[in-house]
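# how would this look folded up:
(chains A, B, C and D)
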Number of protein chains: 2
Amino acid sequence: MYERKILPYLNCGLDLVGEVLYGKWKLRILWFINEGHKRPSELQRKIPDVSRRVLNIQLKELEEHELVSRTIYPVMPPKVEYDLTEFGRTLIPVIQTIGLWGDKHEDRLKHVIMKQFPEVVSSL
Amino acid sequence: MYERKILPYLNCGLDLVGEVLYGKWKLRILWFINEGHKRPSELQRKIPDVSRRVLNIQLKELEEHELVSRTIYPVMPPKVEYDLTEFGRTLIPVIQTIGLWGDKHEDRLKHVIMKQFPEVVSSL
DNA sequence: CACAATAGGGATAAATTTCCCCCTATCTGA
DNA sequence: TCAGATAGGGGGAAATTTATCCCTATTGTG
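Numbers count the residues shown, from 1 in each chain, chains lettered A, B, ... in the order given. Here you go, the predicted structure:
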């Protein structure tokens, strides 16, 4: 496990949110859990770009931050389900707002993001 | 300058937003510019925890992503102002939503975040 | 038996982000 | 003259995050 060396800054609401949502895949993990994809293997199929290892780590952090809960079913093969906590559910409208903004401005965002990769764009 | 080696994932709105807002200070930079703190030196006073160097870098990225514009006044000592573009202004309600959620759940968030730092908490 | 699916962890490397120190240049004011 | 404010960048190190590879264990299936 990695031990943080620098204390977080907790000066305002934005700082606080950053501490629990900063993570490359966290927003989508929360979103897909909310949509009913609760098992780790399901989540990985929904987000093929995460490695399984990182998915586990980010799920554990979300659990420590009390945004999701973890239920283990004593069956074989093992079955685990993640659910949003009541606290985590309050975040859904926020994530939706973020995602809708991204969807609405999809073309423009793709354009400004891909400016950094001219060689890739020209090869399409 | 750092050259990215891994192409960004642009599968959904959340990915797109991540590409332009992922950065430790970007949300607050946008927020403070919106509040009228437009000059780099003003921004640094509002956010003392960023180093000036990183503030410059993140401002430049925001500019490349067309969320802010940069105006240079040919005076001495130099004067530069950043403004939200019309595109950047559409983000303000999103940032507000995020910040309000953080403010509303401030106590709980501080608690779950500081669980990782028991020694710090007990020394208060 | 060999293999896939299930969940998850260790060790380590790579990628990325952020920080720190130093340097340029000009003007104002003590 | 010297210090401070202004804006900004280079180089390199440190911190942090993410990725890769390999391992445990159990059950069912071909």
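# was I right about residue A:18 contacting residue B:25?
No: applying CB atoms under 8 Å, one finds residue A:18 not in contact with residue B:25, separated by 9.3 Å. Where C-beta positions appear, they are placed from N, C-alpha and C, glycine not excepted.
# for the residue most central in space within chain A, what are its contacts?
In chain A, the centroid-proximal residue (CA atoms, centre = their mean) is residue A:26; its distance is 1.5 Å. By CB atoms under 8 Å, 6 or more residues apart in numbering or on different chains, the contact set of residue A:26 is A:20, A:58, A:61-62.
# flag every residue of chain A that's near DNA strand D.
Applying CB under 7 Å from any atom of the strand, we find that chain A lies next to DNA strand D at A:2, A:4-6, A:22-25, A:49-54, A:57-58, A:76-78.
# ok, and which of those residues reach chain B?
A:4, A:22, A:24, A:49 (CB under 8 Å from any CB of the partner chain).
# name the nearest residue to residue A:112, sequence neighbours excluded.
Excluding its sequence neighbours, the residue lying closest to residue A:112 (CB to CB, 6 or more residues apart in numbering or on different chains) is residue B:65, at 4.7 Å.
# for the one you found, give me its contacts.
For residue B:65, counting by CB under 8 Å, 6+ apart, the contacting residues are A:112-113, B:19-20.
# what strand or helix carries residue A:49?
If you go by DSSP states H and E, residue A:49 is not part of any helix or strand.
# picking up where we left off before, for the ones next to chain B among the residues of chain A next to DNA strand D, which one is nearest residue B:14?
Set against residue B:14, the nearest of those by CB to CB is residue A:24 (10.5 Å).
# many thanks, have a good one.
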